[in-house]
Structures are given as C-alpha cells and as structure tokens.
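Enquirer: Sequence plus the predicted model coming up.
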Amino acid sequence: RSEVKEGFMKNGKEKRAVNLEDVIESIGMGPAQIAWGLLGGGIWLADGAELLLVSAVTRSLQKEWHLTAFMKGFIVSAVYLGILLGNA
C-alpha cells in the first residue's frame, strides 16, 4: 500500500496529500530504468545459458572421465548451488 504524507507549509497552509505511487508514475520510465532492465535480463539470459550448457558438458565429461551417475549428479548440483548462492 502506498504511503500518504501530509503536513503544513511554513506559512501555515496545509499541503495536499501526496501519494508515492502517483509521484513515481508522474516521473515515468527513463534511461536508467531501461539500462537496469537490460542488465537484469542479460544476467537471467547468462544464467539460463549456463544451465543449458551444464547438461551437455556433464554428458561429455561422463564419457571422457568415466564418471558415475552420482558424480555427474554432484557436478550438476554444485552448479545449481553456485547459482543459488550467487543470486541470494
């Protein structure tokens, strides 16, 4: 819920209530919001690409390094744990 601030000016006249949501809406979107949106989207894209590559890489590593299913699962779990800690 938006917070409403009320008060009095120095000359004793009452200020009208200002709704924070209305102030933000009147300012609108600018270059900073677009830049941060693109940055956040790029990070999500990189995380998604990493998760797609994990399965391909672990499949190749399993054959080349003769990994057991447990070892392969441990590698994938370590990647997911790293993403979890990195995004926290």
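Expert: Received the coordinates, thanks. Residues are numbered from 1 along each chain as shown.
Enquirer: all strands of this protein, in order?
Expert: For the chain, strands defined by DSSP state E occupy the ranges 4-5, 18-19.
Enquirer: got any ranges where this structure has weak pLDDT?
Expert: 1-16 (pLDDT under 70).
Enquirer: Okay, buried residues for the longest helix along it please.
Expert: When the chain is parsed with DSSP state H, its longest helix is helix 31-65. By neighbour count on 16 or more other Cβ atoms under 10 Å, the buried set for helix 31-65 is 54, 58. Where you see a C-beta, it was placed from the backbone N, CA and C, and this is true even at glycine.
Enquirer: just checking, what packs against it?
Expert: Where contact means 3 or more Cβ pairs under 8 Å, 6 or more residues apart in numbering; DSSP states H and E, helix 31-65 is packed against helix 69-87.
Enquirer: what packs against the helix it packs on?
Expert: If contacts are counted by 3+ Cβ pairs under 8 Å, 6+ apart, helix 69-87 sits against helix 31-65.
Enquirer: next one: the helix it packs on to chain centre, how far?
Expert: On the basis of Cα atoms, centre = their mean, to the nearest Å, helix 31-65 sits 13 Å off its chain's mean C-alpha point.
Enquirer: and what of stretch 58-77?
Expert: Averaged C-alpha coordinates place stretch 58-77 at 29 Å from its chain's average position (Cα atoms, centre = their mean).
Enquirer: Need the CA coordinates for that stretch. CSV is fine.
Expert: In CSV, the C-alpha atoms belonging to stretch 58-77 read as follows (Å, rounded to 0.1, in the frame of the first residue of the first chain):
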residue,chain,number,x,y,z
THR,A,58,28.5,-33.2,-17.9
ARG,A,59,27.4,-35.7,-20.6
SER,A,60,30.8,-35.2,-22.3
LEU,A,61,32.7,-35.3,-19.1
GLN,A,62,30.9,-38.5,-18.0
LYS,A,63,32.1,-40.3,-21.1
GLU,A,64,35.7,-38.9,-21.1
TRP,A,65,36.3,-39.1,-17.3
HIS,A,66,34.3,-42.3,-16.8
LEU,A,67,32.1,-40.6,-14.2
THR,A,68,29.4,-42.5,-12.3
ALA,A,69,25.8,-41.2,-12.2
PHE,A,70,26.4,-40.0,-8.7
MET,A,71,29.5,-38.0,-9.7
LYS,A,72,27.6,-36.4,-12.7
GLY,A,73,24.7,-35.5,-10.4
PHE,A,74,27.1,-34.0,-7.9
ILE,A,75,28.7,-31.8,-10.5
VAL,A,76,25.2,-30.5,-11.7
SER,A,77,24.2,-30.0,-8.0
